[in-house]
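[1] here is the input, now give the coordinates:
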Amino acid sequence: MRIFLLSLVLFSSNLLANGLDDYNTLLNKYISAGVKHQISLNQINYSEMKKDPSLATIRSYFEKTNPNKLNKKEKLAFYINAYNFYTIQLMLNHWKVDSIKDIGSLFKSVWKQKVGKINGQQVTLNYLEHEILRKMKEPRIHFAIVCASVSCPDIRNEAYRAEKLEQQLADQTKKFLNNQHKGAILSGNILKISKIFDWFEDDFDLVGGRDALIIKYNPAFKGRYKKIKYLDYDWSANGI
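    As a prediction, this is how the structure comes out:
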């Protein structure tokens, strides 16, 4: 019996360890640079990804990991990955949908639909974003979690990991703010920026405010604008 239990524990541990590696491989395999509606982005090949047998292992990783046993950086990386994976899974379940918003209905938006479990609890994208991630006081999560849309920050072709999370978040933020089609663009003395900065403006107070963050990651804007406007947000699917 002891040998059986030990084997079960080892199998479970290997499953969890392999799950993150499998997720990393999945992203690397099916994400590539592209252009949609004249906007540069990382596209997901949902058509091919939905055939990948590793999806079940990856889902088990997110379902069976206990986030309460993780340190702060591990927990943040885990929940960013979970949000993105469950968003991808939602798109795969409804592919070929034109927009993630089409998955919702008049009575329940897509963000409020149950997308899976974490540590035995059913979760929604709304819950993961607003009740977990935003409360972790790291505003750059808004450039890491991806709503499967063209105007979202780009999905990375790798998993987020605690040991390089700072570098990954900085890279995501910089890339987004240097993408003039969806992050930020200077037009005369007007700076046009993503609506993400409008929707979550208060979150950026933690780092000195929206403008301070924008200039930190794109210093070329400093002193060159007098007014802020928001770019149109393209909710078309970020995939092929």
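
[2] per-residue confidence for the residue nearest the centre of the chain?
    Centroid check for the chain by C-alpha atoms, centre = their mean gives Ile145 as the closest residue, at 2.0 Å. Looking at Ile145, its pLDDT stands at 98.

[3] equivalent analysis for the one 4 residues further on, please.
    Per-residue confidence at Ser149 stands at 98 (pLDDT).

[4] run through the bridge partners of it.
    Counting by DSSP bridges, Ser149 is bridged to Ala237.

[5] ok, it to Asn157 distance?
    Applying C-beta to C-beta, to the nearest Å, the value for Ser149 to Asn157 is 17 Å. C-beta here means a position set from N, CA and C on the backbone, and glycine is covered the same way.

[6] can you pull the contacts of the closest residue to Pro139 other than its chain neighbours?
    Leaving aside its sequence neighbours, Pro139 sits nearest to Asp203 (C-beta to C-beta, 6 or more residues apart in numbering; 4.3 Å). By C-beta atoms under 8 Å, 6 or more residues apart in numbering, Asp203 lies in contact with Arg134, Pro139, His142.

[7] over to Gln38?
    Counting by C-beta under 8 Å, 6+ apart, Gln38 touches His181.

[8] run the last query once more with 10 Å
    Taking C-beta atoms under 10 Å, 6 or more residues apart in numbering, we find Gln38 in contact with Val150, His181, Asp234.

[9] and what of Lys112?
    By C-beta under 10 Å, 6+ apart, the contact set of Lys112 is Gly104, Thr124, Leu125, Asn126, Tyr127.

[10] which of those residues count as buried?
    In these, burial by neighbour count holds for Thr124, Leu125, Tyr127, counting by 16 or more other C-beta atoms under 10 Å.

[11] and these, which is closest to Asp22?
    Proximity of these to Asp22 (C-beta to C-beta) peaks at Leu125, which lies at 21.6 Å.

[12] now the closest one. Nearest residue, chain neighbours left out?
    If the residues on either side of it in the chain are set aside, Leu125 comes closest to Trp111, at 4.9 Å by C-beta to C-beta, 6+ apart.

[13] quick one, phi/psi of that neighbour?
    Trp111 adopts backbone torsions of phi -70, psi -20, taken as degrees, to the nearest 10.
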